[in-house]
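Enquirer: heads up, no residue letters with this:
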């Protein structure tokens, strides 16, 4: 214990007339080593050997070895007044199992831990991290108070790290890194000051890890001077520091009290005290005062044999205003209220950071000094940072709700019950397209399809009406009609298979209609291209007859082979078409369910697509050969344009629709592609012929008009 404060207490007792006449105090000082638990017990035995009548002990003053020392004192009927002993193991509520002649002037660490949480509750904190720095008994006391406080105040200790004196740098750093990873921003630092005064490296490691540069807030049982010495300006607002029993004093008060009552002859006690220890020594001062009052009353009552009952009776009458507040004891020999004071690190002058008292707890209630002082938080902020930096990603913190198509879908991200409701923002609903082309939303696509079907139908009717006209006959009318049929199949079958909510029948309709229609169009174009190439290669440049039967058989075989492959695929379980639901991510990161036409194996669809692709490549090659065949009625240029138009349009549509999930946009683009590819091909090959039929004079000599180079 600090001899100077103890001597000051003795002198004050004499000065206040508390020492009975003729009574002389002869204090015996025993200095125990905090790092050696057995030193307390040896000190108690030493006191016993000095005098068997010496049975009032002021101390011990730390948790190290206190239980074994008090057990010895209990054996020899020694009474103890404890100051900074905070262990919950020192329990005298039961005369048989406890310590019936021990009174405590200081606080239990369990009470201080619970008080710390009560203080945090005033700031709306619900989650915190705990760092406990001390011996095992200290950890038990802190854990008890934290558990009681968390249960009573509805708080959650997200993570706890228990460090011992002498912990290595890597151990401290690992503990701090785990706290950082936990995303908790409020740190409760409970410290056994007796040890922390010798090793303050924990704060240095926290500083190195940036825990005083961000939005962390530290609430700790730590003499605030530690922070200002080590962190300097970084300690501004960094700590709300709890100290025990400093209800009516600041740091200098207890020292001034001692100096005011210290005669010059007593200066050898060396009162150049570490400011970080003054708070603890204030408690020692009042503890000595309480013990001396007890001893004086014992002497007045002429009590020679001290018993538990006598100790209780005398202690119950002790009540005085100490420098740490009112000192009195309840039936368990504890001071009846926590009496905790809180400090906030403030800038009091340029480059000077000091602890300023900001709150006081008496009898379990806070007297917040908010009206007199403004709290300062980490980095000088005016508000406390959020206590928990939650992962507020939509996948982690929100429940997804997607409405039905009306025609678009509304996506709602609803915060999950619990932490997300407090820590995560409310997200605004947003609209996404339907997972199928809703009929009420694809008016533009339907209009484009209707135009294409109408134009193709007009061409087919005109072609049929003029079936025997020389201009129609010279253009291989069968293949012109076949091409119109292919265009009609694509423009009717594919939209019917994709518009509206998907079914397996629709999936099959779009697959069969597109592949069949494309083969009919490309087959017709290839027949015409082959015929043109043969005409162009003729040396006599005369009409070369090309049989339709053989060419028609080839095209028919290709169409039939395509149908067979698709039918085989549909009769195999692995490649059978079905409507499936998959999750696709929106621009907001939500995984929203979409319905699609799916197969476990796509070999049949890929085979059909490959066949169409090969025919498209072949037709492009032929078209390239005949593109220079020119004449007033030559089809070479028109066929060339038609082939490349259909191929390029299909490629562009495929690429565009593969990068978007907007079904309304996809339906519109597909319809535009069908109009350009299918209807465009029909117009390129039929329009000029039909136009001439309708505009040329009726007495035109068509046979003379039509030449070999016309493609006829």
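Expert: Yes, it's here. Please read all numbers here as calculations on a predicted model, not as lab measurements.

Enquirer: mind checking which helix or strand residue 694 is in?
Expert: Secondary structure assigned from DSSP states H and E places residue 694 in helix 680-695.

Enquirer: elements contacting that helix?
Expert: helix 443-465, helix 470-473, helix 477-498, helix 504-537, helix 636-657 (3 or more Cβ pairs under 8 Å, 6 or more residues apart in numbering; DSSP states H and E). C-beta: built from backbone N, CA, C; applies to glycine.

Enquirer: out of everything not next to it in sequence, what's closest to residue 489?
Expert: residue 517 (3.8 Å; Cβ to Cβ, 6 or more residues apart in numbering).

Enquirer: can you tell me the SS state at residue 698?
Expert: Judged by DSSP: H, G, I helix; E, B strand; the rest coil, the three-state class of residue 698 is coil.

Enquirer: now it. Its backbone dihedrals?
Expert: With angles defined as degrees, to the nearest 10, residue 698 sits at phi -70, psi -30.

Enquirer: quick one, what contacts it?
Expert: Neighbour list for residue 698: empty [criterion: Cβ atoms under 8 Å, 6 or more residues apart in numbering].

Enquirer: now do it against residue 440, distance only.
Expert: Applying Cβ to Cβ, to the nearest Å, the value for residue 698 to residue 440 is 49 Å.

Enquirer: for this structure, what helix or strand is lowest in average pLDDT?
Expert: helix 251-260 (a mean of 44; mean pLDDT, DSSP states H and E).

Enquirer: count of neighbours near residue 287?
Expert: When neighbours are defined as other Cβ atoms under 10 Å, residue 287 has 31 of them.

Enquirer: my guess is it contacts residue 105, does it?
Expert: Yes - with contact defined as Cβ atoms under 8 Å, residue 287 and residue 105 form a contacting pair (4.2 Å).

Enquirer: so how far is stretch 507-527 from its chain's centroid?
Expert: 51 Å (Cα atoms, centre = their mean, to the nearest Å).

Enquirer: repeat for stretch 305-323
Expert: Relative to its parent chain, stretch 305-323 has a centroid offset of 56 Å by Cα atoms, centre = their mean.

Enquirer: residues of that stretch that come out buried?
Expert: 306, 311, 312, 314, 315, 318, 322, 323 (16 or more other Cβ atoms under 10 Å).

Enquirer: isn't residue 393 right next to residue 589, touching?
Expert: Yes - contact criterion Cβ under 8 Å: residue 393 and residue 589 qualify, at 7.2 Å.

Enquirer: for stretch 605-622, what is the average pLDDT?
Expert: When pLDDT is averaged over stretch 605-622, the result is 85.

Enquirer: quick one: contacts of it?
Expert: Outside stretch 605-622, the residues touching it (Cβ under 8 Å, 6+ apart) are 511, 515, 518-519, 522-523, 525-526, 529-530, 533, 558, 561-562, 565-566, 569, 575, 599, 643-644, 646-647, 650.

Enquirer: show me where pLDDT drops low in the stretch 351-500 of the chain?
Expert: For the stretch 351-500 of the chain, applying pLDDT under 70 flags the ranges 362-364, 369-373.

Enquirer: re earlier: just the ones of the buried residues of stretch 305-323 in helices?
Expert: With helices defined by DSSP state H, the entries of the buried residues of stretch 305-323 inside them are 311, 312, 314, 315.

Enquirer: what pLDDT does the last one get?
Expert: Which is residue 315. In the prediction, the pLDDT value recorded for residue 315 is 85.

Enquirer: so it touches residue 297, yeah?
Expert: No - counting by Cβ under 8 Å, residue 315 does not reach residue 297; the two are 9.1 Å apart.

Enquirer: any shared contact partners between those two?
Expert: By Cβ under 8 Å, 6+ apart, no residue touches both residue 315 and residue 297.

Enquirer: neighbouring strands - and their directions - for the helix or strand harbouring residue 158?
Expert: Residue 158 is part of strand 156-163 when elements are defined by DSSP H and E. Here strand 156-163 is paired, per DSSP bridges, with strand 127-133 (parallel).

Enquirer: give the other helices and strands that the helix or strand just after the strand it pairs with contacts.
Expert: The C-terminal neighbour of strand 127-133 among helices and strands, as given by DSSP H and E, is helix 136-153. Packed against helix 136-153 by the contact rule (3+ Cβ pairs under 8 Å, 6+ apart) you find helix 109-121, strand 127-133, strand 156-163, strand 186-191.

Enquirer: tell me the one among the ones in helices among the buried residues of stretch 305-323 nearest to residue 236.
Expert: residue 315 (43.7 Å; Cβ to Cβ).

Enquirer: for the closest one, give me its contacts.
Expert: Shown in contact with residue 315 (Cβ under 8 Å, 6+ apart): 103, 294, 329, 333.

Enquirer: okay if I get these as a markdown table plus secondary structure?
Expert: Below are the contacts of residue 315 laid out as a markdown table (three-state DSSP):
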| residue | secondary structure |
| --- | --- |
| 103 | strand |
| 294 | helix |
| 329 | coil |
| 333 | coil |
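
Enquirer: with neighbour count and distance to residue 466 as extra columns, can I get those residues in CSV?
Expert: Below are those laid out as CSV (neighbours: other Cβ atoms under 10 Å; distance: Cβ to Cβ, whole Å):
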residue, neighbour count, distance to residue 466
103, 26, 122
294, 22, 129
329, 21, 120
333, 25, 120
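
Enquirer: how near is the residue nearest the centre of the chain to residue 668?
Expert: For the chain, residue 391 is the residue whose C-alpha lies nearest the centre (Cα atoms, centre = their mean; 1.0 Å). Distance, residue 391 to residue 668, by Cβ to Cβ: 39 Å.

Enquirer: and residue 443, how many residues sit next to it?
Expert: When counting by other Cβ under 10 Å, one arrives at 11 neighbours for residue 443.

Enquirer: same question, the one 5 residues further on
Expert: Using other Cβ under 10 Å as the criterion, residue 448 is surrounded by 24 other residues.

Enquirer: including mean neighbour count and distance to residue 505, could the helices and strands packed on helix 136-153 go into a markdown table?
Expert: Shown next, in a markdown table, are those (neighbours: other Cβ atoms under 10 Å; distance: least, Cβ to Cβ, whole Å):
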| stretch | mean neighbour count | distance to residue 505 |
| --- | --- | --- |
| helix 109-121 | 24 | 64 |
| strand 127-133 | 24 | 55 |
| strand 156-163 | 18 | 55 |
| strand 186-191 | 24 | 61 |
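
Enquirer: in terms of mean pLDDT, which of those ranks lowest?
Expert: Among the helices and strands packed on helix 136-153, helix 109-121 carries the lowest mean pLDDT, at a mean of 84.

Enquirer: picking up where we left off before, what two of the contacts of residue 315 are the furthest from one another?
Expert: 294 and 333 (10.9 Å).

Enquirer: still on that earlier bit, among the buried residues of stretch 305-323, which one lies nearest to residue 365?
Expert: Closest approach between those and residue 365, by Cβ to Cβ: residue 322, at 20.3 Å.
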